[in-house]
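Visitor: Below is the sequence, then the predicted model.
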Amino acid sequence: MYGGNLMSHEQIETACLTVEEDAKELGCAPKTVRKLINYGYLKAFKLGVGELRAPYRVLRSDLRRYIDRRKGPDPA
């Protein structure tokens with residue numbers, strides 16, 4: 001469940017990226033992505049209930065929002 005809405009497995013696979021995929025998009029290490037998630041800079045959720053090391057997933061839209069925020073406003 002993310003944001004109160006249930007998503008099917010297919011929707012999750014289409015709408016979400018793994019930490020490794022996020023790292024590739026950002027040009028950094030997966031460890032850096034996990035830090036961004038833990039510090040609250042990048043919104044994510046864990047896929048799996050009760051698992052200690054459940055993998056994080058990031059919605060593509062949240063990754064795009066993070067990238068846009070990092071770029072800042074376009075110069076006028």
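Guide: Cool, the structure landed. What you see is a predicted model, and the numbers here were worked out from it, not measured in a lab.
Visitor: gap between the two ends of stretch 23-30?
Guide: 5 Å (Cα to Cα, to the nearest Å).
Visitor: Show me what the most centrally placed residue in the chain bridges to in the sheet.
Guide: For the chain, the residue sitting closest to the mean C-alpha position, by Cα atoms, centre = their mean, is Val58 at 2.2 Å. On the basis of DSSP bridges, Val58 is bridged to Leu17.
Visitor: Report pLDDT for it.
Guide: Predicted confidence (pLDDT) for Val58: 94.
Visitor: is it true that it touches Leu47?
Guide: No - judged on Cβ atoms under 8 Å, Val58 makes no contact with Leu47 at a distance of 10.6 Å. For every residue, glycine as well, the C-beta is placed using N, CA and C.
Visitor: Now the common contact residues for the two.
Guide: Cys16 (Cβ atoms under 8 Å, 6 or more residues apart in numbering).
Visitor: which residues touch the longest helix seen in the chain?
Guide: When the chain is parsed with DSSP state H, its longest helix is helix 60-71. For helix 60-71, contacts defined as Cβ under 8 Å, 6+ apart pick out Ala15, Cys16, Leu17, Asp22, Glu25, Leu26, Leu36, Tyr41, Leu42, Lys43, Ala44.
Visitor: please redo it, this time with the cut-off set to 7 Å
Guide: With contact meaning Cβ atoms under 7 Å, 6 or more residues apart in numbering, helix 60-71 is reached by Ala15, Cys16, Leu17, Asp22, Glu25, Tyr41, Leu42, Lys43.
Visitor: From these, list just the buried residues.
Guide: Cys16, Leu17, Asp22, Glu25, Leu42, Lys43 (16 or more other Cβ atoms under 10 Å).
Visitor: Which of these sits closest to Lys31?
Guide: Among these, Asp22 lies closest to Lys31 (Cβ to Cβ), at 11.6 Å.
Visitor: what's the distance between that closest one and Arg69?
Guide: For Asp22, the distance to Arg69 (Cβ to Cβ, to the nearest Å) stands at 15 Å.
Visitor: cool, and Ala29?
Guide: 20 Å.
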